[in-house]
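Participant: can you look at this prediction? I've put the sequence above it.
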Amino acid sequence: MVSFRLGGQDGVSIESTKWGHALQLLGWNVHTVAGVGPVQTKLAGLAMDAPEPPTRRELENALAPFDLVIVENLCSLPLNPAAAAAVAKACAGRPTVLHHHDLAAQRPALAHLGPPPDDPAWAHVTINELSRHQLAEHGITATTLYNRFDPDPPAGDRSRLRRMLGLDDDTRLFLQPTRALARKNVVAGIELAAATGATYWLLGPAEDGYGPELARLVARARCPVVLGISAPNADPDTNPAPSYTMSDVYAACDVVVLPSTWEGFGNPSIESATHRRPLAIGPYPVAAELAAFGFRWFDATDPTQLQAWFDRSADATADAANPVPTLITHNHHIAATHFNLADLPDRLAAILAPLPLPTST
């Protein structure tokens, strides 16, 4: 598995880890190669900001022992065009899956770079139908395989993490479990929390120079804002911050907000359902595609919808006398039916079947 970076908390790393586990269930040995991250083979030239791509010999040595290469977004979103070209050349004629999380056409600054490369020995996999159709316009056939999720993740510790954040049990907490970037539309998340009397919590850091803008938004916010997770008096040697899981994070919040203007998928859209939290979502194109499965979501730009749901206590909790599923139960069922992680090995097996792989694999 090859990418710019692997093993982190970005969406590409998270989904490639799921693919790796599924491939192991199918009997494959999995090896990771990237420019950044806790990988088995590190090639600095693959990193997004690398000044030079890896050499031909470096790539040949890294890929030579393997029967199959899975390229995770590196040739899809050419943040390092030279590295993308080098990897495409190294994979020419060999069984390869290009796992497309984003495409150049979906980023205005990169649209001029055109479609990803293609080869008769390759398979293309997109994480949404929008990307599949965009590739088809360039004569590239792809299969859509939506991101997959554990429908019943471990229960999180709500009270403990809220104490870490300095919040009491009664504070209404809106979680935006993303990084801070322009396309994440942080301002809309803050405004939604303010309009409904909630505290806004942004989990991830600012990136791509967004720090000053985030500071301005926080300074102007009309509601309390929590950035990241920090424990009082934490010291890495004498009093380290307690560890936490994403189950704890989702358990600590009351609403998940994903006000983004663009996401290749937007994992919180499904994670909110598996962790049984309501979701307020923005108008990014793939959100409409996912909503078509039947999810009941709130408009992140309309606080009256969400406030009305809070006011209807009978809809916020299970009502044994009411045969209509609650919003929480309904969304969980949709996620478990259409985005179940248990289905991933069989889906990958079907994608790999036509590739010219060694018969011993």
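Facilitator: Nice, thanks for sending it over.
Participant: endpoint to endpoint, stretch 211-227 covers what distance?
Facilitator: 12 Å (CA to CA, to the nearest Å).
Participant: repeat for stretch 170-180
Facilitator: 27 Å.
Participant: list the buried residues for it?
Facilitator: For stretch 170-180, the buried set under the neighbour-count rule, 16 or more other CB atoms under 10 Å, comprises 173, 174, 175, 176, 177, 178, 179, 180. For every residue, glycine as well, the C-beta is placed using N, CA and C.
Participant: kindly report the same for stretch 85-104.
Facilitator: Quick answer for stretch 85-104 (16+ other CB under 10 Å): 86-88, 90-91, 94-104.
Participant: just the ones of these in helices?
Facilitator: Counting by DSSP state H, those place 86, 87, 88, 90, 91 in helices.
Participant: out of those residues, who's nearest residue 226?
Facilitator: Here the nearest of those to residue 226, counting by CB to CB, is residue 87; it sits at 39.5 Å.
Participant: just checking, next helix/strand downstream of the helix or strand of the chain with the lowest mean pLDDT?
Facilitator: Across the helices and strands of the chain, mean pLDDT, DSSP states H and E gives its lowest value to helix 313-316, namely a mean of 50. With elements assigned by DSSP states H and E, the helix or strand that comes after helix 313-316 is helix 327-338.
Participant: for that next one, buried residues please.
Facilitator: 327, 328, 331, 332, 334, 335, 336.
Participant: repeat for stretch 49-57
Facilitator: 50, 53, 54.
Participant: adding secondary structure, distance to residue 137 and pLDDT, write the residues you listed out as TSV.
Facilitator: Output for these, formatted as TSV (DSSP: H, G, I helix; E, B strand; the rest coil; distance: CB to CB, whole Å; pLDDT from 0 to 100):
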residue	secondary structure	distance to residue 137	pLDDT
50	coil	30	96
53	coil	28	97
54	coil	31	97
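Participant: neighbours of residue 4, how many?
Facilitator: For residue 4, the neighbour count with other CB atoms under 10 Å is 24.
Participant: for the closest residue to it other than its chain neighbours, give me the pLDDT.
Facilitator: Nearest non-adjacent residue to residue 4, counting by CB to CB, 6 or more residues apart in numbering: residue 48, 4.9 Å away. With respect to pLDDT, residue 48 scores 95.
Participant: how about residue 111?
Facilitator: At residue 111, pLDDT is 84.
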